[in-house]
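Enquirer: sequence first, predicted model second:
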Amino acid sequence: MVFTFAQPRQLRIGGGARSELGELVSGLGASRPLLVTDGFLEGNGAAAELMALMTGAGLQPALWAETVPDPTTDSLVSGLAALHEHGADLVIGFGGGSPMDTAKALALLAVQGGRMADYRAPRRNDGPALPVVAIPTTAGSGSEATQFTIITDSGSNEKMLCTGPAFLPAAAVIDFELTLSMPPRLTADTGVDALTHAVEAYVSRRANRLSDALCLTAITSIGAHLRRAYADGTDRAAREALMLAATQAGIAFSNSSVALVHGMSRPIGAHFHVAHGLSNAMLFPAVTAFSVGSATARYADCARALGCASVADDDAQAAESLVAEIGALCRDLAVPTPEAFGIDEAAWTATIPTMVQQAIASGSPANNPRVPSPDDIAALYAAIYR
Ligand SMILES: [Fe+2]
């Protein structure tokens with residue numbers, strides 16, 4: 001079987017890698033980058049550090065720090081204006097998934113115009129777009145290495161998945177030092193997101209041999225380090241391992257796919273403003289239990305990689321131990337149910353039909369080893385509420 005594999009042309013990986021940003025941008029032929037970030041990273045001085053690095057390298061950077069969590073079509077308007085006003089020739093996405101996804105969307109709109117809804121899946125976007133440099137500050141989304149962006153339609157509240165090489169960063173800076181100040185909740189949610197990427201990419205119907213290896217390596221690393229980083233955010237070895245694992249998982253799912261957890265997670269985030277990693281975590285144990293019997297050997301590989309089963313266990317035992325371990329991990333990381341998160345039960349129940357429809361429309365459930373019916377998805381949403 002022929003498969004296509006794509007990843008950023010250049011990855012700069014390691015503590016302090018951000019100090020090479022100026023040279024990296026120049027090497028891509030750009031001189032007027034727009035640094036896209038959020039108010040938090042502007043306020044704590046991290047954006048100013050990158051601006052100074054680039055200015056010191058002879059570039060003329062501009063800063064736009066108005067990214068919002070779960071970026072919306074409305075939020076892109078002023079970013080696009082800032083980009084055109086500066087005459088930017090490259091866009092830097094600096095932050096968690098939201099600033100990186102925003103940067104990707106702006107880079108495409110800057111060249112092609114139109115509305116993000118024009119570019120939503122199942123359309124495949126081959127370009128052109130301005131080059132993007134992605135600099136993650138969480139170890140989770142993998143957006144630095146994916147050919148996806150997710151933008152919420154301000155009118156319908158739907159999270160639109162947009163795909164294609166046009167959204168693949170030209171380069172990424174993977175500097176774990178940027179993650180050292182993440183609080184435990186964010187460490188947990190982003191870490192579970194990365195683990196979900198790796199497991200879903202491995203069990204996906206669209207898995208391939210190259211992404212498989214990245215998935216298993218990432219699963220092993222996250223299993224060994226996520227609880228450590230959650231307990232002690234200053235654990236540099238754990239932070240470094242999780243950062244690399246998140247990028248590996250990102251490369252993997254960009255070339256394979258995510259599946260049912262992500263398909264069901266996006267509508268929860270859109271309607272109830274639950275952070276992406278957390279809505280994944282709410283779903284991960286139940287969706288894995290639902291799916292595990294349809295790809296037992298694949299889930300067993302994940303269990304052995306995670307360290308909760310051995311070669312002595314048969315596949316069925318190993319797969320069941322994965323379900324148990326994912327549940328235990330989410331408990332150890334204090335993942336709340338939707339009820340405990342504070343979502344009203346009547347609102348949850350009333351929104352299930354819309355969430356089911358949007359989950360299916362995203363295409364992700366069709367990649368799941370066990371392809372769910374609409375009733376299956378509705379039952380899973382109902383089951384995880386409390
Ligand atoms: Fe994700």
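Expert: Done, it's in.
Enquirer: three-state assignment of the spatially most central residue of the chain?
Expert: What sits nearest the mean C-alpha location of the chain, by Cα atoms, centre = their mean, is Ser141, with 2.3 Å. Per DSSP: H, G, I helix; E, B strand; the rest coil, the secondary structure class of Ser141 is coil.
Enquirer: state the distance from it to Thr190.
Expert: Note on Ser141: its distance to Thr190, by Cβ to Cβ, to the nearest Å, is 7 Å. Backbone N, C-alpha and C define where each C-beta goes, glycine included.
Enquirer: what touches both of the two?
Expert: Here Ser141 and Thr190 have Gly96, Ala246 as joint contacts, going by Cβ atoms under 8 Å, 6 or more residues apart in numbering.
Enquirer: on that earlier part again, and the closest residue to the residue nearest to the centre of the chain other than its chain neighbours, how many neighbours?
Expert: Spatial nearest neighbour of Ser141, excluding adjacent residues (Cβ to Cβ, 6 or more residues apart in numbering): Gly97 at 3.1 Å. For Gly97, the neighbour count with other Cβ atoms under 10 Å is 29.
Enquirer: what residues are up against the residue nearest to the centre of the chain?
Expert: The contact partners of Ser141, by Cβ under 8 Å, 6+ apart, come to Gly96, Gly97, Met100, Asp101, Thr190, Asp193, Ala194, Ala246, Gly250, His276.
Enquirer: picking that back up, I'd say the residue nearest to Ser141 and Thr138 touch.
Expert: Yes - the pair Gly97 / Thr138 is scored as a contact, 7.4 Å apart, by Cβ atoms under 8 Å.
Enquirer: look up the closest residue to Asp313, ignoring the ones flanking it.
Expert: Nearest to Asp313 is Ser321, by Cβ to Cβ, 6+ apart, at 6.8 Å.
Enquirer: before we move on, what about Ala275?
Expert: Asp189 (5.5 Å).
Enquirer: where's that neighbour, which helix or strand?
Expert: Asp189 is located in helix 184-203, with elements delineated by DSSP states H and E.
Enquirer: next SSE downstream of that helix?
Expert: Taking DSSP H and E, what comes next after helix 184-203 is helix 209-231.
Enquirer: who does whichever helix or strand comes after that following helix touch, helix- and strand-wise?
Expert: Next helix or strand after helix 209-231 toward the C-terminus (DSSP H and E): helix 236-255. Applying 3 or more Cβ pairs under 8 Å, 6 or more residues apart in numbering; DSSP states H and E, one finds that helix 236-255 contacts strand 10-13, strand 132-136, strand 171-174, helix 184-203, helix 209-231.
Enquirer: using CSV, write down the CA coordinates of the fourth one.
Expert: Written as CSV, here are the backbone C-alpha positions of helix 184-203 (Å, rounded to 0.1, in the frame of the first residue of the first chain):
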residue,chain,number,x,y,z
PRO,A,184,-0.5,20.9,36.8
ARG,A,185,-3.9,21.1,35.2
LEU,A,186,-2.6,22.2,31.9
THR,A,187,0.3,19.7,32.1
ALA,A,188,-2.3,16.9,32.6
ASP,A,189,-4.8,18.0,29.9
THR,A,190,-2.2,18.6,27.2
GLY,A,191,-0.3,15.4,28.1
VAL,A,192,-3.5,13.3,27.8
ASP,A,193,-4.2,15.0,24.5
ALA,A,194,-0.8,13.9,23.2
LEU,A,195,-1.4,10.4,24.5
THR,A,196,-4.8,10.4,22.8
HIS,A,197,-3.1,11.4,19.5
ALA,A,198,-0.6,8.6,19.7
VAL,A,199,-3.2,5.9,20.6
GLU,A,200,-5.8,7.1,18.1
ALA,A,201,-3.2,7.4,15.3
TYR,A,202,-2.0,3.8,16.0
VAL,A,203,-5.5,2.2,16.1
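Enquirer: quick one: that helix to helix 209-231, angle?
Expert: 160 degrees (axes from the mean of the first three to the mean of the last three Cα atoms, to 10 degrees).
Enquirer: could you give the average pLDDT over helix 184-203?
Expert: Averaged across helix 184-203, the pLDDT comes to 97.
Enquirer: same check, this time on the third one
Expert: For strand 171-174, the mean pLDDT works out to 98.
Enquirer: how about the first one?
Expert: Here the mean pLDDT over strand 10-13 is 98, rounded to a whole number.
Enquirer: show me which residues of the helix or strand following it are buried.
Expert: Next along the chain after strand 10-13, taking DSSP H and E as the criterion, comes helix 21-27. Using 16 or more other Cβ atoms under 10 Å as the test for burial, helix 21-27 gives Leu21, Gly22, Leu24, Val25, Ser26.
Enquirer: hang on, the fourth one packs against Val91?
Expert: No - in this structure, Val25 sits apart from Val91 without contact. The criterion is Cβ under 8 Å, and the distance is 10.5 Å.
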